[in-house]
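Participant: Sequence plus the predicted model coming up.
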Amino acid sequence: MTGLTNIVRRNLRLFFKDKGMFFSTLITPIILLVLYATFLAKIYRDSYASALPQGVVIPDELLDGTVVCQLTSSLLAVCCVTVSFCANLLMISDKASGAINDFRVSPVKHSTLAVGYYIASVASTLIITLSALAVCFVYIGVKGWYLSVADVFCVIGDVLLLTLFGTAVSSCVNFFLSTNGQASAVGTIVSAGYGFLCGAYMPISNFSQGLQDALMFLPGTYGTSLIRNHMLRGVFAEMESYGFPDEVMVGIRDSIDCNLYFNGNSVSTGIMVTVLIGSVLLFTGIFVLLNALKKR
């Protein structure tokens, strides 16, 4: 246990000691939030305003609260996965520098080393994502706060689940990488493509039916919908108090992927949580299996 603690402490120290890696990872969610607020907020606001039932008038604060909750949920859904790839670069750096060979000839077990990388990656990613979540909460508070205490804790739980999912996936992918160039290439591909595949940049309801059906097999789709449901629950309750018809509420939920349908059946938030937990266990198991096979 002491060896594992030392490995985790060493990995965390190296991650935060590399100021370039740490600050670039930390500032990425902030930059995305600024870009979202600058270029997408007005588009989303106009879209919601045009979808209002005729004769229904709602406060600007509610409209702004709807927009920022959608933006921040999209941001967090992406960052929890992409940041984990950055936080997991230390495993590749040790391979590239040869430091991993020193560990392999030491009394440290191979399994302990792998678990140390995994735990350190989870911890460092959580520091970044929870910091981003705090900034998002401040932004929501300025624009329009409709979150209850239960919603806040649910969102924190969603961030934790998505962080674990991102760490498990990145650990499996980075296991096969051995150079910094390979890591940069994979990081670029993930950063550019994951947001579209999980429905964060553009709701999957805007895609063709065939692509929607395919994306429903990806766990990231459920993660985005889960955090978006919890972010917007209070907003939807406020809309209903203003007399929004049920069919309008269903249409809004469908348009931004709060409602997901698998094979024509509606997917509940409980099933979304189950899918995410199952995915974390699956990819973690794959990572354990890969290390076991490599050791053998």
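Facilitator: Yep, it's here.
Participant: looking at it, V186 is touching F85, isn't it?
Facilitator: Yes: the criterion here is Cβ atoms under 8 Å, and V186 meets it with F85 at 7.0 Å. Yep, even glycine has a C-beta here, placed from its N, CA and C like the rest.
Participant: Quickly list what's touching both of those two.
Facilitator: Residues touching both V186 and F85 (Cβ atoms under 8 Å, 6 or more residues apart in numbering) are 173-174.
Participant: So between the two, which is more surrounded?
Facilitator: F85 (26 against 18; other Cβ atoms under 10 Å).
Participant: That one is in contact with V190, isn't it?
Facilitator: Yes: applying Cβ under 8 Å, one finds F85 in contact with V190, separated by 5.4 Å.
Participant: tell me which helix or strand of the chain sits lowest on mean pLDDT?
Facilitator: Ranked by mean pLDDT, DSSP states H and E, the weakest helix or strand in the chain is helix 99-104, scoring a mean of 66.
Participant: could you point out which element follows that one?
Facilitator: Per DSSP states H and E, the first helix or strand lying C-terminal to helix 99-104 is helix 110-143.
Participant: Quick check: A96 touching T179?
Facilitator: Yes: proximity of A96 to T179 meets the contact threshold set by Cβ under 8 Å, at 5.4 Å.
Participant: The two: which is more packed in?
Facilitator: Taking neighbours as other Cβ under 10 Å, A96 and T179 compare with A96 leading, 16 against 12.
Participant: Please list the residues outside whichever strand or helix holds the more buried one that contact it.
Facilitator: Counting by DSSP H and E, the element that carries A96 is helix 89-97. Identification of contacts with helix 89-97 by Cβ under 8 Å, 6+ apart yields 11, 14-15, 21, 99-100, 103, 117, 120-121, 171, 174-175, 177-180, 182-183, 187.
Participant: 7 Å - rerun?
Facilitator: Residues outside helix 89-97 that contact it (Cβ atoms under 7 Å, 6 or more residues apart in numbering) are 11, 14-15, 21, 100, 117, 174, 177-180, 183.
Participant: burial of L90, as a residue count?
Facilitator: By other Cβ under 10 Å, 22 other residues sit near L90.
Participant: Neighbours of the residue lying closest to L133 once chain neighbours are set aside, how many?
Facilitator: Once flanking residues are discounted, L133 sits nearest to V159: 5.5 Å by Cβ to Cβ, 6 or more residues apart in numbering. Counted with other Cβ under 10 Å, residues neighbouring V159 total 23.
Participant: And for T269?
Facilitator: Counted with other Cβ under 10 Å, residues neighbouring T269 total 17.
Participant: From what I see, it and S225 are in contact.
Facilitator: No: the pair T269 / S225 is not scored as a contact, 8.2 Å apart, by Cβ atoms under 7 Å.
Participant: residue contacts, the residue nearest to A132 when sequence neighbours are not counted?
Facilitator: With Cβ to Cβ, 6+ apart as the criterion, A132 has its nearest non-adjacent residue at 3.6 Å, and that residue is P29. Applying Cβ under 7 Å, 6+ apart to P29 gives the contacts 75, 79, 132.
Participant: Just give me the neighbour total for the second one.
Facilitator: Meaning C79. Residues lying near C79 (other Cβ under 10 Å) number 30.
Participant: That one sits in which helix or strand?
Facilitator: For C79, the host element (DSSP H and E) is helix 60-87.
Participant: Buried residues in that helix, which are they?
Facilitator: Applying a neighbour-count criterion of 16 or more other Cβ atoms under 10 Å, the buried positions in helix 60-87 are 62-87.
Participant: where are the low-confidence patches of this structure?
Facilitator: Regions of the chain meeting the criterion pLDDT under 70 cover residues 1-2, 18-26, 51-56, 99-108, 295-296.
Participant: Run through the strands of it in chain order.
Facilitator: 260-262, 265-267 (DSSP state E).
Participant: tell me how far the first one is from the chain's mean position?
Facilitator: By that I understand strand 260-262. The chain centroid and the centroid of strand 260-262 are separated by 20 Å under Cα atoms, centre = their mean, to the nearest Å.
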